[in-house]
Each structure stands twice: as structure tokens, then as C-alpha cells.
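# No sequence on hand, only this structure:
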């Protein structure tokens, strides 16, 4: 008896008990397949057995060669049956078994007989199967029949031949390309599917010839394509031609006019396809978007869920690049918040959050509150991320948005959902200073009832960093100490560390903190007791209100003055003995990372897992390393250290990279060297630097390296003097010189005599961006207005033809070496204008802000308006002499920026102007 059908919306866990194939085994089905050999065939039973075999094959069940051959020969006996349904099952089975070349011969004659049958159903299926299992040799024999089938009057046969041609084009393209005339004739067919398949095949035949595709699209857009499916294909091909043409059309613009004309088609799928194609055009303007937005707005009120979903998803994408164009649809989208389809409702909300203005935030929050409880966690995460972006866009609305996040944080939800909320609150605290107090309290209330250990420990760590900096740090102590009593050992240990941070950084709280830490000495977990003992003894056991020693703060909460990789390696190689592990034995040199091991940059981390703008441990390590060298002690405070620049290829004999350390009057090159040859020891390692292309630099000292054993990183330094406060630039040639001594691989002994050798390195450049420190601001608008326009300079540039607006923005950001703010480095797709906000600290600790407006003028010409504000008039004048008043630089931007390395030439002009400026003074 047939099992009752289940509705789609029923629980998927219950589907198995309704399946008619539940519990079937391959061996039993193969036994049933013997019915194919019965003298009197039962078509219904044979069809059921084939169905079970197809089910097993599609579930991943593998048949041995013997089993597949037996089943294949048994199935071929079913050709003697006249039952149409069984014959169709036989065709399916042969296609799935994919018989070998020897076995194909058995069924070829039967299939060719069916291909010329008077029964159209036999003909269509025989063509599909033959084209699936035959090779090129047999294909040439049946090519004449396939050409006839393409122009057959029966649409089923014609479609079967065309679809087979699409598949054969991958394996036998030369044969299929000879069918162009027949396929061209099929494009004019009145049958919808035939026209659709014919157009798809014709495009694939010509896809490598751009001119042929353009002619095909041009001819069809002027004619009449009756099939809605074919019309959708034609719209996609038209969009492809527009994109590949590389320039917007002028005059009558036939392709765009065709797309706009399709918006008035009677088929809904064609209307939507045309609207979507228009919104995805490169460089589309708001005026060109208007008709597409209008039809999408009508779809929002459709009774069909699929139309509503398609429309709101397309509008969601448009809102990323043209939010103002979508604002007219906001009223219609607000009604979709209560849509029964949660996907539609989620897309509607996120679109509204992107297009809404500051006055509509409160209303949106009220609507979303009732909606959140009805959707799954993955949809909630999307909404949370949209709310975070909205809050960064309108920082004055942080109270209502922060309250919303705190409310949903208390509701039920999984780990990823809760982590997304916590990350959003942390980012808002970091970027909006006014939100710090309320945000920290919301996090404190959350850890009172948090079931996730990871989130509790991360929040406690964050509280230890930000809590002591607030106006009243004492109000957080209760929440932290509660964790010592109510949580597991991991959270208790984290709470002890957070309490110690408050005691070390807030002197008035130290007596109370000591009382709490002493209570932790009796904890059941040894980690908690050890931490409490360490902090009590280090901070001072009496707990009096005295200022904590700076060395204690640095020891407990500062960054390590040695790389963690080196520490980990030393701990792994340490063998337990009577001598304790000596942390001073860990090498402080920063090991260069081979190019082959470097990973591609991934997605920028956010929230609790996000590192600071610069890796503090590395910066501190550089500063401590340089200050420990007496020759560099009088250079003053280190302003900036660059990222390592590779000077050798990957997997070469010696791996060398360089770090540029910028001081006010000096530049120090730190060459990180690694010897990759096991049987060699390098001694007296130094780098000979040729500064003939850097006229303003004068070498003052070189610090060689005594020895460089195998796979042990080491450093050699070369220091240069430059004019004080002048951002001098130049190129330096580098030659690695050393003495090579052979090492016996068995005994490890080194030979006494060595041979002098040298190794050519890549050139190293000091560029203008090296004198600009990337320092972001949490609220660019407030920082811009508070700096005032006293030292503001504004100028306009023509950057000439560019590949894209995003390329121009990235090139200018790299030239200036400043930090993009508020995510303005990302240029939306198809955007013709963009504003980028940059912040940085110029050498001399002078803050500089820049607001750059880009616009596309004409097909590809990019214009730029640059406004710079600085705290210091002299620095502002210097910056603007470089950035704004340089006609040579403007001409260079127009002519050379596209193809040449921008930073190098930027530094060249920077150097020229600085030199001329100093001569004028």
C-alpha cells in the first residue's frame, strides 16, 4: 500500500518513515532484477525494480564491474517490451550505468532503430541516450540524423537534439559547430523550449568570438523572440555584450533601450530579468535605474512569494550602491516585515536599514523587535550586522540601537548569534566613545547569565582593557567577582586576571581588589589559585593605596618583548631538568617568514577577535630591540616601523627581508636573515647598501651579525641620517656579504677556514607613505569639525582614464599612506561617485585628515577633489605643497598612475618638492 504523502513544511526528520525505499539493500534489489529475464515481462514490476536501482545509484551506491555488466545486459532485454513507460525507464537506466565502449555496441542498433521510430517519445529519448553514451566515431555516423532532429516539427524531438548538442559541445566541439545552420533555423521556431535551447546552443558555439556574439545579440534584439525563456537568455547575453564592450553606449543606445523595453514585456520572468540586468550594469546612473526600480516596486506587492523575494533581494543589492534610488520603495518594504516568508522579511529589514535615514531608525527598531523572535539564527545574524552598520552610519542613534542589541542579547539563541551581537557591541564601544559606559554595562549583565565559556572569557578580557578607563570603574567589580563564585574554572581564572587589571590600573580600588584576590586563594582549581597568588605577590601584598610600579604593569599586562613563535619553539625544545626554563634564553630576533608559507589575506576580523590597528607586540618588540642597541640610543623615539619587505625569492639559499624604522632624523634598515643551507655557517654577515639614488641620505653606521647558523634568524642593521623633519625618499641597492664555513653534518663541527661570498638582494625603497602613520578615528565627522578649517587646503585633480573607480580609490589611498575610516575604502559595485575618508599622523606627531571625493566623468575618466586638514600650519603647508600644488604630480597621476607602481613615483615627486621647498626657505 502506498505511503501517504507529506507536506513540504512538515518536519524533515520524519521523512524517512514515509519513504518507499526505506531499508532497501543492493543485494536484494539485484536479486529482484532477475525479473528482466522472465519470458513474460511484467512492465510495472520491472519499472519498480529499475526505480530502486536508480535510487541506489543516486544515493552513491557503487556497483562492481560484474554487477553493472549483469544489470546492463538484463536491462537491454527489456527493449522487446512495447510498454512506453517501461521503455523510458530503460533509457534512464542505460544513461546512469554509462556502459563501456564494448557494451555500447549491444544497444546501439536498438537505439538507432528507436531514433527513426514513428513514436516521437522513443525518438527524443533515444537521441538523448545515444549522445550520452557514444564516442566521436559513432557520432559522425548519426550526425545526419541529429541535424534532421534539430529542425524536426515535433518540439520534443528538436529540444532533445539541441540539449544533446549542448552536452556534446564539451567533448566533440568540432562536430557540433557544423550544425550552426540548423541551430540558426531552430532559433526561429515557434515552440518556446526549442527556441530557448537553440539560442543557448548557438551562443555556446559562438561564445569565443566576441564579434559573432555581438552580431547575434544585435540581430535578435531587433527581431521577435517569442519564448519568455529565450528572452531571458537574450537579456543575459545583452548584458554580457554591454560589459565586454567596456564603455557606455552613446546616441540611441540600442542595447540599453532593448533592456528597458523588456520591462514592458507581458511575462513576469522577462520583466524581472531585465530589471536585474539594468541594476547590475557597470556605471549605471540613477536615471537609468528608475524604470527598473519602478517595476521591482510593483513586484513587492505581488501575491506570488517568489516575485516578492526576487524583487526585495535585487533591491537589497541595489541599496549597497544606490541607496537613494531605493528609498521610494521603503513604504512597500515596511509592509514585507510581517511577510510569512521569513527570507523575504529578513531581506526587507536589511534593505530598510541600508536605505533608512536618521529619523526612521526608531520606527524601524520597533518593527524589528516583534520580528526577531520568529526567524532562525542565521537570519538574525544578518539583521544584527545590518544594525551595526546603521549605528556606525548614524552614531547619534547609538542609544536606541545599543538598547535593541542588549535586549536581543538576553533572548534565547545559539553561539554564533550571541557572538555576532557581542562583537557588534564591542565594535560600537570602540568606534563610538559615548557608547562605552552603556555598552560595558550591557556586557556585564549578559555574562551574569551566559552559557558560553568563550564569550564570557572574551568579555572579561575586554572589561579588563576598557573598564579601568571609565569614569567609575568600581561599578564593574561586582559583575566580575560574581564570576569567581558562579562559573567554571576557565571563567573563574579569567575573572581573576580581570580583577588584577583593575587593581593595577586603578590605585583607589587596590585595597578592595586585594580582599577579593585573597579569597580566590582557596579556590578548588589550581589555575585560579596560581593566578591569584601571582597577582597578589606582584602587585604588592599589603594592598595599600599606592601607585602600581610601571615595571609591574608592563610585566603583568604589557606585551611580551619577544616573539611568541620563538617562545613556543623554545618551550617545545626544552627538556625537563634540574635547571628551570630561562626566558632570557629565548631569542628576541623576529624570524622572517618565508614567502611560500605566507597565507593570502583573509577577511578582516571584527569584534572581540579583532586585533588592534597594529600588532602591539611586534611594535613594542621593534622599539625594545632598537633601544637595546647603544648605537641607536640617541636617535630619539621611534615614529614608525614598516611591514617586512621581502628582498629574496621564496625557497632560495638565504631568506632576507627588511624592516624600515623611521626616526625624526634617521632611518634604520633592519635586515632579517635566515640561512636555509644545513651544512653552512655564515659569519660576519652584513649588508652593503648603495645609496647613490637617495641623495638626501648619508650612511652613519652598519652593525654586522657575528654568525648565522642554519635555520636560526638573525639581524644586521644599517643606519642613515637624513634632514630633520623632511620626508626624504630614495632607492637603495643591497648586497649581502658574509664568510661561508662548511659544517660537518654528522659531528656538527665547523671548519676553521672560510670563504668570502656575496649575494645580491632586491632594491629597497623609502617612500612618502613611510612617514605617515595609519591612525584611524572613531568618528570622522566629529574629528573633522573639531579640527576646524584654519589649515584646510582643497584642490581638484583629473586622474585620467582608469580601469574602475575602485582602482583609483585604492591607488590614491596607497599613495597617501593614510588609514581609511568608517569602511570608506570599499567602493560599491557600479558606483560612479565615492567619498573616501582618511586619517593619519604625519612625522612629528601631527594629525592629518583627508576627505577625497571621486567621480567618473565620461566613460572612464576619474576626477578627484581632495580636502586636507591638519593641526599644524607648517605641516599642512608641506602636505599641500606635495598633495595639492604639484602640477608635476597631477600630470603624473593623469598619465602614469594606471600602469606604474604609484608609491615609487609618489615618493620621487615628494622628494623633488621637499628639496625645492627647503631651497626656497
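Arrived safely. Predicted, not measured: the structure shown is a model, and the values here were computed from it.

# contacting residues for residue 171?
residue 136 (Cβ atoms under 8 Å, 6 or more residues apart in numbering). C-betas here are computed from N, CA, C, even on glycine.

# Show me the helices in the stretch 501-650 of the chain, by range?
Assigned by DSSP state H, counting those that start in this stretch, the helices in the stretch 501-650 of the chain fall at 510-519, 526-539, 550-557, 564-573, 616-627.

# In a markdown table: the ones you listed, plus distance to residue 154.
Compiled in a markdown table, the helices of the stretch 501-650 of the chain are given as follows (distance: least, Cβ to Cβ, whole Å):
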| stretch | distance to residue 154 |
| --- | --- |
| helix 510-519 | 87 |
| helix 526-539 | 79 |
| helix 550-557 | 81 |
| helix 564-573 | 71 |
| helix 616-627 | 73 |
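
# Using JSON lines, lay out these together with mean neighbour count.
JSON lines is the format used below for the helices of the stretch 501-650 of the chain (neighbours: other Cβ atoms under 10 Å):
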{"stretch": "helix 510-519", "mean neighbour count": "18"}
{"stretch": "helix 526-539", "mean neighbour count": "17"}
{"stretch": "helix 550-557", "mean neighbour count": "13"}
{"stretch": "helix 564-573", "mean neighbour count": "12"}
{"stretch": "helix 616-627", "mean neighbour count": "16"}
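
# Let me have the ones you listed in CSV, extended by mean pLDDT and distance to residue 28.
Written out in CSV, the entries for the helices of the stretch 501-650 of the chain read as follows (pLDDT from 0 to 100; distance: least, Cβ to Cβ, whole Å):
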stretch, mean pLDDT, distance to residue 28
helix 510-519, 88, 69
helix 526-539, 88, 58
helix 550-557, 68, 69
helix 564-573, 81, 56
helix 616-627, 70, 65
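
# wait, which of those helices is closest to residue 427?
Residue 427 lies closest to helix 616-627 among those, at 18.6 Å (Cβ to Cβ).

# Give me the buried positions along the helix or strand hosting residue 850.
Following DSSP states H and E, one finds residue 850 within strand 846-857. If you call a residue buried by 16 or more other Cβ atoms under 10 Å, then strand 846-857 has these buried ones: 846-852, 854, 856.

# Please identify which of these is nearest to residue 147.
For those, the nearest to residue 147 is residue 856 (49.0 Å; Cβ to Cβ).

# hang on, isn't the closest one packed against residue 862?
Yes. Using Cβ atoms under 8 Å, residue 856 is in contact with residue 862, at 5.9 Å.

# any residues in contact with both of those two?
residue 805.

# So what's the gap between the host helix or strand of residue 706 and the chain middle?
Using DSSP H and E, the element containing residue 706 is strand 705-708. Offset of strand 705-708 from its chain centre (Cα atoms, centre = their mean, to the nearest Å): 42 Å.

# who does that strand touch, helix- and strand-wise?
If contacts are counted by 3 or more Cβ pairs under 8 Å, 6 or more residues apart in numbering; DSSP states H and E, strand 705-708 sits against strand 666-675, strand 680-693, strand 714-721.

# what is the rounded mean pLDDT of the next helix or strand after the shortest one?
In this case it means strand 714-721. Where DSSP H and E defines the elements, the next helix or strand beyond strand 714-721 is strand 730-742. Averaged over strand 730-742, pLDDT sits at 92.

# For strand 730-742, which strands pair with it and how are they oriented?
Paired strands of strand 730-742, with direction, are strand 680-693 (antiparallel), strand 755-760 (antiparallel), strand 764-766 (antiparallel) (DSSP bridges).

# For those, give me CSV that also has distance to residue 85 and mean pLDDT.
Formatted as CSV, the strands paired with strand 730-742 follow (distance: least, Cβ to Cβ, whole Å; pLDDT from 0 to 100):
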stretch, distance to residue 85, mean pLDDT
strand 680-693, 78, 90
strand 755-760, 77, 90
strand 764-766, 76, 91
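
# which one of these is the most hemmed in?
strand 764-766 (a mean of 22; mean count of other Cβ atoms under 10 Å).

# List of residues touching that one?
For strand 764-766, the surrounding residues in contact (Cβ under 8 Å, 6+ apart) are 645, 647, 658, 660, 667, 669, 694, 697, 728-732, 734, 903-904, 907.

# Is there a quick ChimeraX command that grabs whichever of these are buried?
Filtering the contacts of strand 764-766 down to the buried ones (16+ other Cβ under 10 Å) takes a single ChimeraX command:
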select :647,658,660,667,669,694,697,728,729,730,731,732,734,903,907
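
# how much space between the closest residue to residue 699 other than its chain neighbours and residue 536?
Spatial nearest neighbour of residue 699, excluding adjacent residues (Cβ to Cβ, 6 or more residues apart in numbering): residue 720 at 5.5 Å. The gap separating residue 720 from residue 536 is 49 Å, by Cβ to Cβ, to the nearest Å.

# host element of residue 152?
For residue 152, there is no host helix or strand (DSSP H and E).

# Can you classify the closest residue in space to it that isn't next to it in sequence as helix, strand or coil?
Nearest residue to residue 152 in three dimensions, chain neighbours excluded: residue 158, at 4.8 Å (Cβ to Cβ, 6+ apart). Three-state call for residue 158 (DSSP: H, G, I helix; E, B strand; the rest coil): helix.

# So residue 158 versus residue 116, what's the distance?
Relative to residue 116, residue 158 is positioned 16 Å away (Cβ to Cβ).

# which one of the two has more residues nearby?
Counted by other Cβ atoms under 10 Å, residue 158 and residue 116 do not tie: residue 158 has more neighbours, with 26 against 11.

# pLDDT value on that one, please?
Note for residue 158: predicted pLDDT of 91.

# And residue 489, by the same measure?
Listed pLDDT for residue 489 reads 91.

# Distance-wise, check it relative to residue 501.
According to Cβ to Cβ, residue 489 and residue 501 sit 19 Å apart.

# How about residue 362?
Using Cβ to Cβ, we find residue 362 at a distance of 37 Å from residue 501.

# ok, those two, which is more surrounded?
residue 501 (23 against 11).

# Report pLDDT for that one.
Looking at residue 501, the pLDDT reads 88.

# which stretches of the stretch 301-450 of the chain form helices?
For the stretch 301-450 of the chain, the helices defined by DSSP H, counting those that start in this stretch occupy 305-321, 323-326, 330-335, 342-355, 361-372, 377-393, 398-409, 415-431, 436-447.

# tell me the average confidence for the strand holding residue 706?
Regarding strand 705-708, the rounded mean pLDDT is 88.

# Buried residues of it, list them for me.
Within strand 705-708, the residues that count as buried by 16+ other Cβ under 10 Å are 705, 707-708.

# Just give me the closest of those residues to residue 151.
Among these, residue 708 lies closest to residue 151 (Cβ to Cβ), at 77.1 Å.

# Would you mind confirming that the closest one makes contact with residue 738?
Yes. Assessed by Cβ under 8 Å, residue 708 is found in contact with residue 738 at 7.2 Å.

# what touches both of these two?
In terms of Cβ under 8 Å, 6+ apart, residue 708 and residue 738 are both contacted by the residues 682-683, 685.

# tell me the contacts of residue 343?
When contacts are counted by Cβ under 8 Å, 6+ apart, residue 343 touches 309, 379.

# if we go to 7 Å?
By Cβ atoms under 7 Å, 6 or more residues apart in numbering, the contact list for residue 343 reads residue 309.
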